[in-house]
Structures are given as structure tokens and as C-alpha cells.
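Student: Need coordinates for the following:
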Amino acid sequence: MAQVKLLPASAYDVDALAATLRACNRAANRASEVAFAKDLKRRDVLQEKVYYALRADFDLGAQPAVRVVKKVCDAYATLRANLKAGNYGPEGSKRRLKVESKPIRFREDAAQPFDDRILTWNLDQRTVSIWTLAGRIKGIPFVCSPEAMKLLASCKGESDLVMRDGMFFLIATIDIPEPDPYEPAGWLGVDLGIVNIATTSDGEIMAGRRLNRYRKRHLELRRKLQAKRTKSAKRVLKRIRRREARHSANTNHIIAKKLVATAERTSRGIALEDLGGIRARVTARKDQRARLHSWAFAQLGAFVEYKARRAGVPVVRVDPRNTSRQCSRCWHTHRSNRIDQARFACRSCGVILHADHNGSRNIAHRGDAAWQRGAVKRPSTA
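Tutor: Next comes the predicted model:
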């Protein structure tokens, strides 16, 4: 993906872009209500039901109406995947019932996808032409990094219009050909955690102390600002929320890049834990809940996977059960093996290791086993 910041030349252009987002998301809410009430999740069936109503009631063009319907269908597909993975709790739980009992709602400033029919890039002049409710606005300047400009040269997918704190951005999806994964010579196991963000089977520990301190400071600041209940406090809350998200994402990008580079340099694959639904399975003490729910393991895993695909590095997901209690040398498994958060001492063979290092070695073994039994797509030998 490549992100660019739009620089609308006038207040008229700003209002037109904002009005377009509002109209598209209101239309998406209408389509979502129909999809939920009549259980219409297939794109062609839902589009047949709502297409003309969206165009008439929200003044959308033909292609924007189509993109709205696709956005709704994609949202329900994501919801089904999350439910299947247990990310909203087990079947019958209060949280899951709440999610399943009402249609998906879109914020008025939620991102809206645009394709090549309603969005045109002019990279030489660094401008875009985009459809709005007020007509097509041409020549909107944009700024971005040199890396993003290189990616935009091959942009053939759709781009999302996003509004953040009154500013407009376009996030372009780039279609890049992916090399076939190579046959790995071994596996780099990665144990994900809160105290240590990632620990590899090579023994490298990427500590999360700095990030956790940063989050703790922001948590205390949020509590103070929320107690004030003033408009200025709310503005600051919004600003620091995005700052914290950017800082966390940047940290995950750095770690993911390092993991992929290590695996590629040594011709190994990467084995990760499948932690889907862990927040619903794990019971945390009250003083640990904030840390658990701010743990961005899914984001780090996604970053590792897409960077690995670009490099041709194979990635496998393994069952994380008992990786912290099983000895990576003799396979003896017992809860007393894990002395505390940092120490592992096998009661059978006597090996002593850092607990996360031991877990990552188990993950590497399980990754190799999954690869050998064909649980992962193998590279072609033809």
C-alpha cells in the first residue's frame, strides 16, 4: 500500500470531498440494513436490491454505488471470518450475540474505495482527479514519500479515500507480483508476547519495554483528559490516539522487516503462533487488561506475512498450545517447567532457557512439522 496526503486548493473542494464521504457511508448503512434484514451477503444479489435506491436517495453515480455495495459485502465477509476465528468470543457469548444481532454500521467519515473509473492519478504533476457529489474535481495536489511514489507507478488496484482530523488521504492498493516461496533450509520460530514483542529461535529478543512504557504514559494521559470532559481535551485525545497507533505500527514494521530479512538471509521460513481469538480465551487480571487489549500481535503477524510474501519467504502458523510449557530439547510438557515469565527449567532433562526462547524453538519445530506434512502450500518443483 502507498499513502498520499491530498492538498485541496479551496474550501469548496474540502466540502465536496467531505460530503462525498458522508453520502457514501450513509448509503453503505442503508445497504447494510438491507443485507442484514434479508440475509443478502452476495454482491450481485445485494446490488440488484439496492443499486437504484442508492443512486436516487444519495445522489451517487453508477460506479460509486457499485463500490458502496462491494464495501458492505466485504465488511460482512470480514465479520464472518472473525466470528469463525472466535475473535468475538465463543458461540452464545454476550459479545458475540451483540455483534450478530445488528447490522454493520459505518462511520460518516469511514474510508471509501475508489477505482480507476472514478479516480485518476497524474504522477508527473503529482495531482489526482476524483469523483465527488459536486462533480469530478481535477488537479488536486498530493504529497507523499519517494517510496510511495515508486509504488504508485505500478498502481492498478483501488484506492481508499480517508479523512483524519480534517485532512484527506488516499491509500492506494498496489498489485505487486509475488515470487514463489522457496524450499526452506530450516525454520525461524517467533514467539510473540507483551513483555517481549518477539523472540526468535536464534535467541534474539526484541523487548517491548519501551513500547509498554510509551503506552502506559498515554494511558495515564488519557485518564486525565477524559476526566476534564472539555472540547479541547477531546481534541487532544483524538490526536494522541492516532499518535500512539502510528508509533505502535512503526515498531511492528521494524520488527517484521528484521524477522523477514533474517529468514531470507539464512534461507529459512518463518513459523508464527496462530493467536486468533486469544483475547476471548485468556482471562487477565484487571490491572493487566489494558496491556492485553493493546497488544497488536495481529498487526505484527500481518506485517510479517505480507513482507515475507514479497520476499518469497514461506510462513506457517502453528498451534500455540503448551509452547511455553514444553521442553524444546526432550519434549517433556508440564506447567511447572515455566518457573516465571522469563525462566524455563525442564523438570525432566534439566535444561534451563529463557522462557520465550524455549517457546520460539518449539514453534520452529512445529513449523517444520507442518511443512513436512503438507499443511502449507509448497513451492512448485516443476
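Student: can you point me to the longest helix in the protein?
Tutor: Scanning the chain for the longest helix, with DSSP state H as the assignment, gives helix 231-265.
Student: Go through it and flag the buried ones.
Tutor: Burial within helix 231-265, assessed by neighbour count using 16 or more other Cβ atoms under 10 Å, is assigned to 236, 244, 248, 251-252, 255-256, 258-260, 262-264. C-beta here means a position set from N, CA and C on the backbone, and glycine is covered the same way.
Student: continuing past that helix, what's the next helix or strand?
Tutor: Heading C-terminal from helix 231-265, the first helix or strand you meet, by DSSP states H and E, is strand 269-273.
Student: what mean pLDDT does that following strand have?
Tutor: For strand 269-273, the mean pLDDT works out to 93.
Student: mind listing the strands for the stretch 201-350 of the chain?
Tutor: For the stretch 201-350 of the chain, applying DSSP state E, counting those that start in this stretch gives strands covering 205-207, 269-273, 315-318, 343-345.
Student: Mind listing residues that contact the third one?
Tutor: Applying Cβ atoms under 8 Å, 6 or more residues apart in numbering, the contact partners of strand 315-318 are 187, 269-274, 304-305, 308-309, 363, 366-367, 370-371, 375-376.
Student: rerun at 6 Å
Tutor: Contacts of strand 315-318 with the rest of the structure, by Cβ atoms under 6 Å, 6 or more residues apart in numbering, involve 270-272, 274, 305, 308, 363, 366-367, 370, 376.
Student: returning to that earlier point: of the strands of the stretch 201-350 of the chain, which approaches Ser129 most closely?
Tutor: Of all the strands of the stretch 201-350 of the chain, strand 315-318 sits nearest to Ser129, with 38.5 Å by Cβ to Cβ.
Student: Given that closest one, what are its sheet partners and their directions?
Tutor: Strand 315-318 has the following sheet partners, assigned by DSSP bridges: strand 269-273 (parallel).
Student: what angle separates the partner strand from helix 231-265?
Tutor: With axes from the mean of the first three to the mean of the last three Cα atoms, to 10 degrees applied, the angle from strand 269-273 to helix 231-265 works out at 140 degrees.
Student: neighbouring contacts of strand 269-273?
Tutor: So strand 269-273 is contacted by 184, 187-190, 192, 263, 301, 308, 314-318, 320, 363-364, 367 (Cβ under 6 Å, 6+ apart).
Student: How about stretch 53-69?
Tutor: With Cβ under 6 Å, 6+ apart, stretch 53-69 has contacts from 23-24, 27-28, 31, 46-47, 51, 113, 117-118, 133.
Student: just to revisit the earlier point, just the contacts of strand 269-273: which are in helices?
Tutor: Among the contacts of strand 269-273, the members found in helices (DSSP H) are 263, 301, 308, 363-364, 367.
Student: mind putting the residues you listed in TSV, pLDDT and distance to Gly86 included?
Tutor: As requested, those are exported to TSV (pLDDT from 0 to 100; distance: Cβ to Cβ, whole Å):
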residue	pLDDT	distance to Gly86
Ala263	95	28
Gly301	88	16
Ala308	93	25
Ile363	93	20
Ala364	93	25
Gly367	93	22
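Student: Can you give me the buried ones in stretch 7-26?
Tutor: Buried residues in stretch 7-26, counted by 16+ other Cβ under 10 Å: 8, 13-14, 16-18, 20-26.
Student: from those residues, which is closest to Cys349?
Tutor: Cys349 lies nearest to Asn25 out of those, by Cβ to Cβ, at 59.2 Å.
Student: Read off the pLDDT value for the nearest residue to the closest one once chain neighbours are set aside.
Tutor: Among residues not flanking Asn25 along the chain, Phe106 sits closest, at 4.4 Å (Cβ to Cβ, 6 or more residues apart in numbering). On the pLDDT scale, Phe106 is placed at 96.
Student: how far does the top strand by length along the chain sit from the chain's center?
Tutor: Counting residues, the longest strand found in the chain (DSSP state E) is strand 135-143. Strand 135-143 has its C-alpha centroid displaced from the chain centroid by 29 Å (Cα atoms, centre = their mean, to the nearest Å).
Student: Run through who's touching that strand.
Tutor: Outside strand 135-143, the residues that touch it by Cβ under 6 Å, 6+ apart are 4-8, 13, 126-130.
Student: Give the buried subset of the residues you listed as a ChimeraX selection command.
Tutor: Listed next is the ChimeraX selection for buried residues among those, using 16+ other Cβ under 10 Å:
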select :4,6,8,13,126,127,128,130
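Student: what ranges of the stretch 151-300 of the chain fall below the confidence cut-off?
Tutor: Applying pLDDT under 70 to the stretch 151-300 of the chain flags the ranges 154-156, 208, 276-296.
Student: any idea whether Val162 is helix, strand or coil?
Tutor: strand (DSSP: H, G, I helix; E, B strand; the rest coil).
Student: re earlier: now, of the strands of the stretch 201-350 of the chain, which is deepest in the fold?
Tutor: For the strands of the stretch 201-350 of the chain, the largest average neighbour count (mean count of other Cβ atoms under 10 Å) is found in strand 269-273, namely a mean of 27.
Student: Return that strand as CSV; C-alpha atoms alone will do.
Tutor: Taking C-alpha atoms only, strand 269-273 is exported to CSV below (Å, rounded to 0.1, in the frame of the first residue of the first chain):
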residue,chain,number,x,y,z
GLY,A,269,11.0,-20.0,6.7
ILE,A,270,9.1,-18.2,9.5
ALA,A,271,6.9,-20.0,12.0
LEU,A,272,4.4,-17.9,13.8
GLU,A,273,1.8,-18.7,16.5
